[in-house]
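Q: Following is a predicted model, sequence given first.
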Amino acid sequence: MSIYDFQVKDSKGQLIPLSNYKDQVVVVVNTASKCGYTPQYKDLQALYEEYKNEGLVVIGFPCNQFMNQEPGSNEEIQSFCELNYGVTFPIFGKVDVNGENADPLFKYLSKNAPGIMGLKSIKWNFTKFIIDKNGEVVERVAPQTNPQEMKATVEKLLKA
């Protein structure tokens with residue numbers, strides 16, 4: 001199993017197969033508009049712009065499970081990201097990342113890249129997962145880690 005076995009809903013509710021991203025390095029991140037880490041949108045966008053022509057895609061999944069820091073509709077979230085941070089990478093529909101209603105993709109990511117001390121749940125907004133060109137989870141990156149610190153891993157995977 002890999003991320004290519006999943007379909008996710010885009011911001012308009014259309015199902016998108018993640019197999020669309022085959023042979024690309026993918027960074028999956030759960031996002032929020034009213035979080036202390038929200039400025040990471042700028043750094044995620046910079047990472048995306050720097051490496052998109054080499055095969056990197058960043059995909060954001062808004063989540064309102066952490067202190068209601070993503071209360072907006074999918075449309076409002078899209079506008080916020082574009083207007084405030086110039087985001088051009090895909091922002092999908094809002095999801096749960098923990099609990100019984102967690103999106104199956106996040107259940108898979110959490111299981112295959114546990115956090116500190118083997119914990120599977122996602123602790124906060126802007127948890128990042130780096131996926132290789134085969135759709136396999138390579139690394140979970142902590143919310144407080146700036147996306148620019150993922151460059152070495154991204155570059156290595158792009159060259160693989």
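A: That came in fine, so what should we check first?

Q: Contact partners for the closest residue to residue 24 other than its chain neighbours?
A: Spatial nearest neighbour of residue 24, excluding adjacent residues (Cβ to Cβ, 6 or more residues apart in numbering): residue 55 at 4.7 Å. (Glycine included, C-beta is placed from N, CA and C.) Shown in contact with residue 55 (Cβ atoms under 8 Å, 6 or more residues apart in numbering): 23-25, 133, 158.

Q: List buried residues within those residues.
A: With neighbours counted by 16 or more other Cβ atoms under 10 Å, the contacts of residue 55 contain buried members at 24-25.

Q: Cross the contacts of residue 55 against strands and list the overlap.
A: residue 25 (DSSP state E).

Q: which one among the contacts of residue 55 gets closest to residue 115?
A: Of all the contacts of residue 55, residue 115 sits closest to residue 25, with 20.9 Å by Cβ to Cβ.

Q: wait, isn't that closest one in contact with residue 155?
A: No. Residue 25 lies out of contact with residue 155 (Cβ atoms under 8 Å); the separation is 9.2 Å.

Q: so what's in contact with the two at the same time?
A: residue 51.

Q: still on that earlier bit, how about the residue nearest to residue 24, phi and psi?
A: Residue 55 adopts backbone torsions of phi 120, psi 20, taken as degrees, to the nearest 10.

Q: Now do the contacts for residue 133.
A: Taking Cβ under 8 Å, 6+ apart, we find residue 133 in contact with 22-25, 55, 157, 160.

Q: what are the ranges of the strands in the protein?
A: Going by DSSP E, the chain shows strands at 7-9, 15-17, 25-31, 56-62, 128-131, 137-141.

Q: how far off strand 56-62 does the third one point, in degrees?
A: Translated: strand 25-31. Counting by axes from the mean of the first three to the mean of the last three Cα atoms, to 10 degrees, strand 25-31 lies at 20 degrees to strand 56-62.

Q: same check, this time on the last one
A: Orientation of strand 137-141 against strand 56-62 (the same axes, to 10 degrees) gives an angle of 60 degrees.

Q: Sort out which residues of strand 137-141 are buried, please.
A: 137-138, 140-141.

Q: All set, thanks.
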